[in-house]
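Asker: Kindly generate the corresponding structure for this input.
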Amino acid sequence: MPAKKGNPGLDAGKAIKGLKIAIGLSLLFSAIVVLATFDEEAFLKAISSLSPLIILEILILLAINYITAGMEVKIMVKATGNSLSLKEGIKSFLVSSFASNVTPIASGGGPFQIYFLHKRGISLGQATTVVLAKFVLRSFYFSFSSLFFLLFFNDLISPGALPDKVFYICIILGFLIAVGIIAFCISPDLINYIIKSLFRFKKVRNLVRKNYGLKRLLVRGRKELREFHHSMELLAQHKKSLLLAACCTFLYWSSLFLIVPVILRGLGYEPNFFQSYIMLTIFNLIIPYMPTPGASGMAELGFASIFVSFIPKGIIGLVTFLWRFASFYLILIIGGFFTFRELGWERRKEKDNE
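Answerer: Here you go, the predicted structure:
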């Protein structure tokens with residue numbers, strides 16, 4: 001849902017509550033994975049192999065990750081006729097990522113990024129278009145790359161410790177959700193067709209007729225969708241900008257996906273770069289729809305269960321924790337700093353101390 005003027009869709013209280021839940025669940029399930037798979041000999045060997053160079057490589061990948069995320073926002077904002085510095089683009093990524101990680105099903109990220117961009121002088125409609133267009137690009141990337149890997153590199157895909165049926169059902173559901181999002185966003189006729197089809201049922205017509213709130217929500221939803229599709233049509237005219245944004249999307253996820261093989265190499269094991277990339281693509285097709293803040297708990301268990309197919313069991317807990325630290329905890333730390341500043345945390349503290 002778009003963020004209303006003056007309403008970020010997140011306040012300090014909700015952020016702190018979500019932060020506690022996210023960190024608590026993540027640490028709990030990380031500990032469970034580590035204890036369940038711990039092998040002292042493998043652990044000591046892995047730790048002794050770590051070098052400062054590996055840490056530097058991970059930091060470089062994260063820098064590329066943050067910069068390309070900021071560039072994507074900057075490019076999309078420019079396509080709407082506005083301007084945003086790279087620094088502000090990176091900050092918008094960090095605060096939205098933090099908001100996503102402390103809210104269920106990543107529901108707070110989009111509204112907070114809209115709020116952030118609106119505070120920088122971008123209209124709500126244009127900010128909403130930027131955020132939703134980014135979401136569509138993400139859906140395109142994961143749906144088509146996952147399908148490509150499943151068709152041509154299926155031998156490198158393994159459910160690990162998960163039952164085959166559960167693994168492939170999750171993939172199918174993730175793929176259908178991604179394709180559904182794309183279809184709804186680029187085809188207004190599809191939405192109208194579905195609504196008309198539903199209204200053929202008498203029970204549906206009666207339900208809407210008797211429920212004023214539902215009728216109002218339906219009218220408002222159709223209006224917002226029309227406005228969004230109009231904005232997307234205007235944005236589609238900037239093909240060069242969309243292509244550059246798509247390249248940023250690819251670089252963003254690729255830099256993030258390279259962290260796991262770099263960790264493996266740093267621990268003295270085969271990095272399996274291509275297989276890691278494929279499995280992380282499949283994994284991230286599914287994980288955003290987990291109900292816990294930041295997919296905490298589900299991410300740790302899911303990662304360990306799937307990646308144990310090619311990561312030695314004795315170090316899977318350590319790799320899981322290092323991966324989550326780089327991709328999750330650092331966002332909570334850095335993004336949290338900017339988010340609380342955005343919410344006026346310092347001013348709020350001063351008022352409390354008066």
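Asker: so what's the residue positioned nearest the centre of the chain up against?
Answerer: The centroid of the chain falls nearest to P288 when counting by C-alpha atoms, centre = their mean (6.0 Å). P288 sits next to 105-106, 295 when contact means C-beta atoms under 8 Å, 6 or more residues apart in numbering. Heads up, the C-betas are built off the backbone N, CA and C, glycines and all.
Asker: so which of those residues is the most crowded?
Answerer: A295 (27 neighbours; other C-beta atoms under 10 Å).
Asker: Next, the buried residues of stretch 143-158.
Answerer: 143, 145-146, 149-150, 156-158 (16 or more other C-beta atoms under 10 Å).
Asker: do the same with stretch 132-142
Answerer: 132-134, 136-142.
Asker: With pLDDT, distance to F116 and secondary structure added, can I get those residues in CSV?
Answerer: Listed next are those as CSV, based on pLDDT from 0 to 100; distance: C-beta to C-beta, whole Å; DSSP: H, G, I helix; E, B strand; the rest coil:
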residue, pLDDT, distance to F116, secondary structure
L132, 84, 15, helix
A133, 86, 16, helix
K134, 89, 13, helix
V136, 86, 19, helix
L137, 90, 19, helix
R138, 91, 18, helix
S139, 88, 22, helix
F140, 88, 24, helix
Y141, 92, 23, helix
F142, 91, 24, helix
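Asker: quick check, nearest of those residues to M71?
Answerer: K134 (11.7 Å; C-beta to C-beta).
Asker: Go ahead and confirm the closest one touches K74.
Answerer: No. K134 is beyond contact range of K74, at 11.6 Å (criterion: C-beta atoms under 8 Å).
Asker: Once you drop chain neighbours, what's closest to A12?
Answerer: Computed as C-beta to C-beta, 6 or more residues apart in numbering, the closest residue to A12 that is not its neighbour in sequence is L343, at 5.2 Å.
Asker: Can you report how many residues neighbour the one you found?
Answerer: 20.
Asker: ok, it - contacts?
Answerer: Counting by C-beta under 8 Å, 6+ apart, L343 has contacts 8, 10-12, 15.
Asker: Which of those scores worst on pLDDT?
Answerer: Ranked by pLDDT, the contacts of L343 bottom out at P8, which has 63.
Asker: Dihedrals phi and psi, the residue nearest to A12?
Answerer: phi -80, psi 0 (degrees, to the nearest 10).
Asker: re earlier: need the pLDDT of the residue nearest to the centre of the chain.
Answerer: So P288 comes in at 77 (pLDDT).
Asker: mean confidence score for stretch 42-59?
Answerer: 84.
Asker: Mind listing what's buried along it?
Answerer: 42-43, 45-46, 54, 57-58.
Asker: how about low-confidence regions in the chain?
Answerer: 1-9, 186, 188-193, 195, 198-199, 203-210, 212-215, 217-231, 345-354 (pLDDT under 70).
Asker: In three-state terms, label the closest residue in space to I263 that isn't next to it in sequence for me.
Answerer: Excluding its sequence neighbours, the residue lying closest to I263 (C-beta to C-beta, 6+ apart) is L322, at 5.1 Å. Of the three states, L322 takes helix according to DSSP: H, G, I helix; E, B strand; the rest coil.
Asker: so L322 makes contact with E300?
Answerer: No. Using C-beta under 8 Å, L322 is not in contact with E300; the gap is 11.8 Å.
Asker: Can you give the contact residues for stretch 44-55?
Answerer: With C-beta under 8 Å, 6+ apart, stretch 44-55 has contacts from 262-263, 265-269, 315, 318.
Asker: actually stretch 268-282, sorry about that
Answerer: By C-beta under 8 Å, 6+ apart, stretch 268-282 touches 45-46, 49, 142, 145-146, 149-150, 153, 156-158, 171, 253-254, 256-258, 260-262, 264-265, 306-307, 309-312, 315.
Asker: What is the burial count for the closest residue to T80 other than its chain neighbours?
Answerer: Distances taken as C-beta to C-beta, 6+ apart place Q126 nearest to T80, at 4.3 Å, with adjacent residues excluded. When neighbours are counted by other C-beta under 10 Å, Q126 registers 22.
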